[in-house]
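J.: Next comes the sequence, and after it the predicted model I'd like to discuss.
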2 protein chains.
Amino acid sequence: MKNAVGRVVPEHLAGYGAVKPFAGAFHTIPAMCRQAPAVKICKPGQSKLVNNLEEVFQQIPVKDGMTLSFHHHFRNGDGVLNMVLATAARLGLKNLTIAVSSVFPVHAPLIEHIKNGVVTALDTNYMSGPVAEAISRGLLDKPVMMRTHGGRARAIECGQLKIDVAFIAAPAADDYGNINGVQGPAACGSLGYAIPDAEYAQYVVAVTDYLCEYPLAPVSISQTRVDYVVKVDSIGDPKGIVSGSTKVTKDPVGLRIAQTAAKVIKAAGLIKEGLSFQTGAGGASLATAHFVGKMMEQAGITASFAMGGITGYLVDMLNRGLLRKITDVQGFDLDAVHSIGNNPNHLEVSAGQYANPFNSGCIVNKLDTVFLGATEIDTDFNVNVTTGSNGLIMGGSGGHSDAAAGAKITLIVANLLRGRLPTVVDKVLTVTTPGETVDVLVTERGVAVNPRRGDLREKLLAAGLSVKDIRELKQEAEKLAGVPEKIKTSDRIVAVVEYRDGTMIDVVRQVLDK
Amino acid sequence: MKNAVGRVVPEHLAGYGAVKPFAGAFHTIPAMCRQAPAVKICKPGQSKLVNNLEEVFQQIPVKDGMTLSFHHHFRNGDGVLNMVLATAARLGLKNLTIAVSSVFPVHAPLIEHIKNGVVTALDTNYMSGPVAEAISRGLLDKPVMMRTHGGRARAIECGQLKIDVAFIAAPAADDYGNINGVQGPAACGSLGYAIPDAEYAQYVVAVTDYLCEYPLAPVSISQTRVDYVVKVDSIGDPKGIVSGSTKVTKDPVGLRIAQTAAKVIKAAGLIKEGLSFQTGAGGASLATAHFVGKMMEQAGITASFAMGGITGYLVDMLNRGLLRKITDVQGFDLDAVHSIGNNPNHLEVSAGQYANPFNSGCIVNKLDTVFLGATEIDTDFNVNVTTGSNGLIMGGSGGHSDAAAGAKITLIVANLLRGRLPTVVDKVLTVTTPGETVDVLVTERGVAVNPRRGDLREKLLAAGLSVKDIRELKQEAEKLAGVPEKIKTSDRIVAVVEYRDGTMIDVVRQVLDK
């Protein structure tokens, strides 16, 4: 069957079940109650401290077939997922589902665990590195579930992703399980993605290398939800948090795109007192924030808040008074880590607060604008940030679809060519974010406005911006780089791309090597 | 049938249902899942601001028979409960259940609402003033449910107290429902008792007189749980927060008792680095904290934390470095309100974190000691803080039973006579806190140790304290004041006293006037 973005999705998929096709960004209405884990008891005098992970596995006990969850605030510096899975393998466990908010190159040992049958299912919002490549080539029998950051929080809160045991990499913890991310040798800042796991898992384990006196302050995850506390030598390398580009681009083309994006935002009337925005961590997105900041300074105005994965650049804007608040689900560098621990206007928010579409209102709903990247964008404005030009998985939505859906004006900032391939195409290989939630594409060769936003098109024209039809931009790209060859895939589905509301927006098929 | 403290409780009670008798402080093990309210949606652009309470009632809509909940952080200054019930009465609603964490004299209009059938059931942890008296005399057909502070959190989290609409008196709120208690003209400090209501109610309404720019910081209750925001002229008078005694007593007998209590704590070996304690707001309890503080200063040690309803006295200890942290579920005076808004070591905690016995561990479990008051204490060390010498309801557990159950050593500090009546009796009129959770009674005429704590008795004797049998103290009291007349009650049950674990520990019967 075809879904609302024209993708053929199966009605039923082995290892997944019955499919609800994507029906439009705000079409699906929840009709369930919240996930309700079993109520527990912990008597006075009972200790939560356990000597090592093996003892935790035995005490719970962790069994074959369970779902273990992890958060990715350490990004490529994470030590906990590998440590826990090594324990699982040592204890002979099989058939585990790993629900981890993102997968990085550091998680390469997962490949062996999959080959050995320790892990047989994966649920994540973003994948890069060897695991992503191996999955793309058919490593796992079951399709990987790829969610958005808000969608994962939704799935957990709505009981669609049921977690048996949440392992929380805890930069600081006390012996009764209060946790924060801002203290200790491996401080990572916000623990936003771990908060839904802690709230709804059947069991919660704090894995820490910095055990503090009770009661810990501040508290991001409360003792009332944590069953075990394990002290280990190291939970990860905070240097690994900084992975990928988190600096303003220096590339002149990227800067030109960013400058144009800022002009679009101004023309749309958003450079006004109290504006709010989100930016990706990519160089062009950050550069857009830079130019928006300049405009704000010139106009003498202040933004009410910036949301995001947070970088030092935004921290600097907060410290200079250009931002009144930062809402932070994840720190992208150590400046962000330092700031959230010290500045009361730099707020930690959970993945649910950030972007869960099924609660009484998430933060992305309050965004005036968001500037996001794209691997591909098609003439319907559908965006792919899941698969690369070779068809292999190299990312995923993360918060891309969430912010796009929430913001009043969603900009895609992208070079017309990516490597030697056009960014604008007829049909993206994988739909990550539906075109109906994307308003403007900004390239170095001009700006295209989604036909749904005729109002905005008029404003951009009035401001003298070079507004083109998106098909025109596609043709220009193809003139420069030719029409790209179609990627050859088999019929086998290696990943399901789930929209934030739980419907299937697309699938990723196994790549056939040429 | 008789329960574990020897009280006759019915097997079934009209307006209540089947009775689970109290079986011991840690005997009841939960066997349920958490309360799971319906999952909701709030789309971008949707506003939560509503013009007035009537519109909120219509939009939800509030219907006959629903349960509306309220928190008591404004104590005798609360304006919201009366305002909401006046709206309910105006709209002709009937048969409402009011779940309010405590009832104060200011809530006297509730009597008319009960007479008119607008309100037909009441669920609370503490009652004083005209409503308590009217209930005691038979105003309500259904027995009032009297819980502990931790028990209320438990009942809400376990789905035993199902809230249809939680009305949160919000000292500061933004237009999307983020709430805190530390800003605005009516700042009340911690919002600890409101947090379970917000987390588990089907609908949540923020009633505020201080509407702030989005996003509010700090956030005590998140936008993700709040459905409506109503701006009103005033939510209450923060001066009413200070009700009852929140100063160290000046009465020489009270001071002597407090000094003895501090000696008991020292003899028990608790004056040690990192101790933790809770104190009631009563003058003798606070005076005990005063003498404990003096001992700490002399010994050059610091307490890890103090829990409580918080007074300026504890804030002063925090500021002087005698306490490293304060965990605060409720401010008892404006010093506490100011401190929690400004001192990062003064932590807001929810009622669930504070004292819910059915989660993965509440704060009272980590208390070394607590000093509490009593209206009566019997020779089995059962304590009554629910009914007064005239048999009328004049209080309730609040956190009394919770802290007693959690702390390693629970002290009752009380004058041997209360007015002209003995405090120590054969059988308390109403069991609020079971004797098995009470370790020591401290009076001006000596100290009695619960026979369960032979270890402690030895230590107190070794320290030269005047340790007596509790029956001896009773006889001394009776010698001074005579044996009190038995209070005459009818068979009719006007209130159920529920222990923190959800079992029935006692009932309150209607008083027959002489």
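T.: Alright, I've got the coordinates.

J.: residues near the residue in the stretch 351-500 of chain A positioned nearest to chain B, how many?
T.: At 3.7 Å from chain B, A:G361 is the closest residue in the stretch 351-500 of chain A, using CB to the nearest CB. C-beta here means a position set from N, CA and C on the backbone, and glycine is covered the same way. For A:G361, the neighbour count with other CB atoms under 10 Å in any protein chain shown is 28.

J.: what does A:A31 give?
T.: Count around A:A31 with other CB under 10 Å applied: 8.

J.: State the pLDDT value of it.
T.: Per-residue confidence for A:A31 comes out at a pLDDT of 96.

J.: any idea which helix or strand carries A:D335?
T.: Per DSSP states H and E: A:D335 is located in helix A:334-342.

J.: ok now do whichever residue of the stretch 101-250 of chain A sits closest to chain B, which residues does it touch?
T.: Nearest residue of the stretch 101-250 of chain A to chain B: A:T224, at 4.1 Å (CB to the nearest CB). By CB atoms under 8 Å, 6 or more residues apart in numbering or on different chains, A:T224 lies in contact with B:G352, B:Q353, B:N356, B:N359, B:S360, B:G361, B:C362.

J.: Which members of those residues additionally contact chain A?
T.: Intersecting the contacts of A:T224 with the contacts of chain A gives B:G352, B:Q353, B:N356, B:N359, B:S360, B:G361, B:C362 (criterion: CB under 8 Å from any CB of the partner chain).

J.: Contacts only, for A:F74.
T.: Contacts of A:F74 by CB under 8 Å, 6+ apart are A:V80, A:A169, A:A186, A:C188, A:I235, A:G236, A:D237, A:P238, A:G240, A:I241.

J.: Without its sequence neighbours, what residue ends up closest to it?
T.: A:G236 (3.9 Å; CB to CB, 6 or more residues apart in numbering or on different chains).

J.: Go ahead and confirm A:L441 touches A:L416.
T.: No. Look at A:L441 against A:L416 with CB atoms under 8 Å: they stay out of range, at 9.6 Å.

J.: Compare the two and say which is more crowded by neighbours.
T.: Higher neighbour count among A:L441 and A:L416: A:L441, with 27 against 21, using other CB under 10 Å.

J.: mind listing the strands for the stretch 201-350 of chain A?
T.: Taking DSSP state E, counting those that start in this stretch, the strands of the stretch 201-350 of chain A run over residues A:203-208, A:211-212, A:228-231, A:276-279, A:303-310, A:323-331, A:346-348.

J.: Same question for the stretch 351-500 of chain A.
T.: Ranges of strands in the stretch 351-500 of chain A, per DSSP E, counting those that start in this stretch, are A:369-372, A:376-378, A:383-384, A:409-413, A:417-418, A:421-422, A:424-425, A:440-443, A:446-449, A:467-468, A:489-498.

J.: Mind putting those strands into JSON lines with mean pLDDT and distance to chain B?
T.: Putting the strands of the stretch 351-500 of chain A into JSON lines (pLDDT from 0 to 100; distance: least, CB to the nearest CB, whole Å) gives the following:
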{"stretch": "strand A:369-372", "mean pLDDT": "97", "distance to chain B": "12"}
{"stretch": "strand A:376-378", "mean pLDDT": "98", "distance to chain B": "21"}
{"stretch": "strand A:383-384", "mean pLDDT": "98", "distance to chain B": "18"}
{"stretch": "strand A:409-413", "mean pLDDT": "97", "distance to chain B": "11"}
{"stretch": "strand A:417-418", "mean pLDDT": "92", "distance to chain B": "29"}
{"stretch": "strand A:421-422", "mean pLDDT": "95", "distance to chain B": "31"}
{"stretch": "strand A:424-425", "mean pLDDT": "96", "distance to chain B": "26"}
{"stretch": "strand A:440-443", "mean pLDDT": "98", "distance to chain B": "17"}
{"stretch": "strand A:446-449", "mean pLDDT": "98", "distance to chain B": "19"}
{"stretch": "strand A:467-468", "mean pLDDT": "98", "distance to chain B": "25"}
{"stretch": "strand A:489-498", "mean pLDDT": "96", "distance to chain B": "16"}
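
J.: Rebuild those strands as JSON lines, extending it with distance to A:I271.
T.: Shown next, in JSON lines, are those (distance: least, CB to CB, whole Å):
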{"stretch": "strand A:369-372", "distance to A:I271": "10"}
{"stretch": "strand A:376-378", "distance to A:I271": "25"}
{"stretch": "strand A:383-384", "distance to A:I271": "25"}
{"stretch": "strand A:409-413", "distance to A:I271": "12"}
{"stretch": "strand A:417-418", "distance to A:I271": "29"}
{"stretch": "strand A:421-422", "distance to A:I271": "31"}
{"stretch": "strand A:424-425", "distance to A:I271": "27"}
{"stretch": "strand A:440-443", "distance to A:I271": "15"}
{"stretch": "strand A:446-449", "distance to A:I271": "17"}
{"stretch": "strand A:467-468", "distance to A:I271": "19"}
{"stretch": "strand A:489-498", "distance to A:I271": "34"}
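
J.: so which of those strands gets nearest A:G159?
T.: Proximity to A:G159, assessed across the strands of the stretch 351-500 of chain A by CB to CB, is greatest for strand A:489-498 (15.1 Å).

J.: is any part of stretch A:59-73 close to chain B?
T.: No. Counting by CB under 8 Å from any CB, chain B is not contacted by stretch A:59-73; separation bottoms out at 12.7 Å.

J.: who in the stretch 201-350 of chain A is up against chain B?
T.: Residues of the stretch 201-350 of chain A lying near chain B (CB under 8 Å from any CB): A:204, A:213-215, A:217-219, A:222-227, A:274, A:276, A:304-305, A:324-325, A:327, A:344-345, A:347.

J.: From the residues you listed, list just the buried residues.
T.: A:204, A:214-215, A:217-219, A:222-227, A:276, A:304-305, A:324-325, A:327, A:345, A:347 (16 or more other CB atoms under 10 Å in any protein chain shown).

J.: Can you tell me the closest non-neighbouring residue to the residue nearest in space to the middle of chain A?
T.: Taking CA atoms, centre = their mean, the centroid of chain A lies closest to A:G398, which sits 2.0 Å from it. Once flanking residues are discounted, A:G398 sits nearest to A:Y126: 4.7 Å by CB to CB, 6+ apart.

J.: So the one you found is in contact with A:G396, correct?
T.: Yes. A:Y126 lies in contact with A:G396 (CB under 8 Å); the separation is 3.9 Å.

J.: what sits in contact with each of those two?
T.: Common contact partners of A:Y126 and A:G396 (CB under 8 Å, 6+ apart): A:S102, A:M146.

J.: residue ranges with poor pLDDT in chain A?
T.: A:243-246, A:514 (pLDDT under 70).

J.: Helices of that one, start to end?
T.: A:53-59, A:80-90, A:110-115, A:130-136, A:149-157, A:194-200, A:252-267, A:283-299, A:312-319, A:334-342, A:351-355, A:400-406, A:454-462, A:470-481 (DSSP state H).

J.: In JSON lines, list those along with mean neighbour count.
T.: Listed next are the helices of chain A as JSON lines, based on neighbours: other CB atoms under 10 Å in any protein chain shown:
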{"stretch": "helix A:53-59", "mean neighbour count": "17"}
{"stretch": "helix A:80-90", "mean neighbour count": "20"}
{"stretch": "helix A:110-115", "mean neighbour count": "18"}
{"stretch": "helix A:130-136", "mean neighbour count": "23"}
{"stretch": "helix A:149-157", "mean neighbour count": "30"}
{"stretch": "helix A:194-200", "mean neighbour count": "27"}
{"stretch": "helix A:252-267", "mean neighbour count": "21"}
{"stretch": "helix A:283-299", "mean neighbour count": "21"}
{"stretch": "helix A:312-319", "mean neighbour count": "21"}
{"stretch": "helix A:334-342", "mean neighbour count": "21"}
{"stretch": "helix A:351-355", "mean neighbour count": "30"}
{"stretch": "helix A:400-406", "mean neighbour count": "31"}
{"stretch": "helix A:454-462", "mean neighbour count": "15"}
{"stretch": "helix A:470-481", "mean neighbour count": "17"}
